[in-house]
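A.B. asks: Attaching a predicted model along with its sequence, questions to come.
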Number of protein chains: 2
Amino acid sequence: MNTAAPLRDLSRLCVHTITTKPWSIETCATKFAAAGVTGITVWRDTLEGRDIQKTGQLIRDQGLSIVSLCRGGFFPALTPVDRRKALDDNRKAIAEAHALGAPMIVLVCGAVPGQSLVASRKQIVDGIASLLDDCKAAGVKLAIEPLHPMYADARSAVNTLGQANDMVEELKSSYVGVAADVYHLWWDPALEQEIARCGRLNALFAYHVCDWRTPTTDLLLDRGLMGEGCINLRQIRSWIEATGFKGFNEVEVFSNRLWATDQDAYLKKIVQAYRDHV
Amino acid sequence: MNTAAPLRDLSRLCVHTITTKPWSIETCATKFAAAGVTGITVWRDTLEGRDIQKTGQLIRDQGLSIVSLCRGGFFPALTPVDRRKALDDNRKAIAEAHALGAPMIVLVCGAVPGQSLVASRKQIVDGIASLLDDCKAAGVKLAIEPLHPMYADARSAVNTLGQANDMVEELKSSYVGVAADVYHLWWDPALEQEIARCGRLNALFAYHVCDWRTPTTDLLLDRGLMGEGCINLRQIRSWIEATGFKGFNEVEVFSNRLWATDQDAYLKKIVQAYRDHV
């Protein structure tokens, strides 16, 4: 079995602001940098009430690379009016990413309970296609994040890396790629081959890590820190790196349990878990 | 979009004993029959302390067909000793099915957190293969139930109908087929084609229905009654029936919410939901 060698330094460690949700963006920037973290993915809620351009500068002044803005998407809706509203919000996200200095936006593509997944997938492709001119103008890419099938009802009709790759092929734009997150994809028997295919498409834009806990007590907010679960992290990273991927390993953990702990101590654990398990 | 016509009678309505978990097997048999239900799938826990052969007769005396025994499986384990224990339990289940007069056993195939899914899948195939002589002797078939990917950590390393079909092809026995459950499979973009393939393999042994609720509050025990969620039930049944499937539509709902309600009223709702939504 192929496995990747342990990561010897933090030069590719990115942390999502949602991972340490109790902290403001300013606290994240300062604390992440002090801990040796080198990249940051910014969630949009942290920018509320801020001058986004100045916030981007503040982050860069700490020596951090801004990896992504999270998140756009949620294209499917039952009415044309609501689908246009979704596009407006995505254009706002593109403008925010441009102001922040983030090179890409992660897309949680959306789904509507009761609308067929086939219809939702078409609305997703159409939605992304209609944003491409804005992306080029702003220099901002879009990364389709396939979500775990347990989110197919209301969060994403894109549930495998294979489907995301299909969309990339259909959209034929260097501004559209994929964010691969182990939490959503680890179970897929086609994962190794679809990661390789994503690489051949030059579409592997981002790689997210965390872990799957047994038992998982909440569908959304009970992710594990790397090492707390059963995901074959080193093996999956070997597949990711076999494509030539040189981007960040992004730690994205939603956890009520971990958010309730001391966040300074938690950040130390994140760095250690990165060295020990990613 | 193809959809099946509404079911005009209850001649193919089977209810799992777990669906009305508060009831004993004797109560299930009497109440199901009185409500016009025609089939029953028996969960093994309801047989505890009973003479199984007499219980089978009691069920048949109510005019009910015994559709399946639930459940065998859980083949993967970290040690040979534990894998042998799993086989012993499956042989016990085969004997119970034979005594009960159930023609098949539904398999929840198993998984071990931290053991690779590839290794677990091999142990599943090996486990089933070693039971085939017992199956022939007892006249009892085995139905592999692919489970939703959210159960890949600890319940099943078989997470798509495609994988189950692959195992059927590998095992090459008329005693091995598939139980297709909409809860586990509805999200899969390959579902229609894999149902057709399962039919061509003569391997579609069982069809289970319920619904997916938004939001789902528990990974295991928050299933919806048909009509309470977003699953495209009529469309999936049209794919099932296109294979020539003539078996029962089995209502299998695990729900703390519904188990807490009056079970007589709930059984009436099950029958109505069967007519309105399956």
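C.D. replies: Arrived safely.

A.B. asks: Contacts made by the longest strand anywhere in chain A with the rest, please.
C.D. replies: Determined from DSSP state E, the single longest strand within chain A is strand A:65-73. Residues outside strand A:65-73 that contact it (Cβ atoms under 8 Å, 6 or more residues apart in numbering or on different chains): A:14, A:16, A:18, A:38-44, A:56, A:59-60, A:89-90, A:93-94, A:96-97, A:100-110, A:124, A:142-143, A:145, A:156, A:179, A:206, A:247-248, A:250. Using the backbone N, CA and C atoms, a C-beta is placed for each residue, glycine as well.

A.B. asks: Which of those fall in strands?
C.D. replies: Among the contacts of strand A:65-73, the ones falling in strands (DSSP E) are A:14, A:16, A:39-43, A:104-108, A:142-143, A:179, A:206, A:250.

A.B. asks: buried subset of the residues you listed?
C.D. replies: Neighbour-count burial (16 or more other Cβ atoms under 10 Å in any protein chain shown) applied to the ones in strands among the contacts of strand A:65-73 gives A:14, A:16, A:39-43, A:104-108, A:142-143, A:179, A:206, A:250.

A.B. asks: before we move on, back to that, could you pull out the buried residues of the longest strand of chain A?
C.D. replies: A:65-73.

A.B. asks: Output the residues you listed in CSV; the columns should cover distance to A:Ile52 and pLDDT.
C.D. replies: As requested, these are exported to CSV (distance: Cβ to Cβ, whole Å; pLDDT from 0 to 100):
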residue, distance to A:Ile52, pLDDT
A:Ser65, 17, 98
A:Ile66, 11, 98
A:Val67, 16, 98
A:Ser68, 14, 98
A:Leu69, 10, 98
A:Cys70, 14, 98
A:Arg71, 16, 96
A:Gly72, 15, 98
A:Gly73, 19, 98
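
A.B. asks: can you tell me which of those residues lies nearest to chain B?
C.D. replies: Distance ranking of the buried residues of strand A:65-73 against chain B, using Cβ to the nearest Cβ, places A:Gly73 first at 17.4 Å.

A.B. asks: Test of understanding: give the bridge partners of the closest one.
C.D. replies: A:Gly73 forms beta bridges with A:Val108, as assigned by DSSP bridges.

A.B. asks: mind checking how far it is from A:Ser130?
C.D. replies: Distance, A:Gly73 to A:Ser130, using Cβ to Cβ, to the nearest Å: 13 Å.

A.B. asks: picking up where we left off before, from the chain's centroid, how far away is the longest strand of chain A?
C.D. replies: 7 Å (Cα atoms, centre = their mean, to the nearest Å).

A.B. asks: Leaving out the residues flanking it, which one is nearest to A:Asp222?
C.D. replies: Excluding its sequence neighbours, the residue lying closest to A:Asp222 (Cβ to Cβ, 6 or more residues apart in numbering or on different chains) is A:Thr216, at 5.1 Å.

A.B. asks: That neighbour against A:Cys230, yeah?
C.D. replies: No: using Cβ atoms under 8 Å, A:Thr216 is not in contact with A:Cys230; the gap is 10.4 Å.

A.B. asks: Please point out which parts of stretch A:34-53 sit buried.
C.D. replies: So stretch A:34-53, judged by 16+ other Cβ under 10 Å, has buried residues A:37-44, A:46-47, A:52.

A.B. asks: Now do the helix or strand hosting A:Arg275: everything it contacts.
C.D. replies: Using DSSP states H and E, A:Arg275 falls within helix A:263-277. Helix A:263-277 is contacted from outside by A:6-7, A:10, A:13, A:15, A:19-20, A:22-23, A:31-32, A:35-37, A:211, A:225-227, A:233-234, A:249, A:251, A:253, A:258, using Cβ under 8 Å, 6+ apart.

A.B. asks: give me the number of residues near A:Asn2?
C.D. replies: Neighbours of A:Asn2 under the rule other Cβ atoms under 10 Å in any protein chain shown: 12.

A.B. asks: Quick check: A:Gln123 vs A:Ala137, distance?
C.D. replies: A:Gln123 is 23 Å from A:Ala137, by Cβ to Cβ.

A.B. asks: which one of these two has more residues nearby?
C.D. replies: Using other Cβ under 10 Å, the more surrounded residue of A:Gln123 and A:Ala137 is A:Gln123, with 20 against 11.
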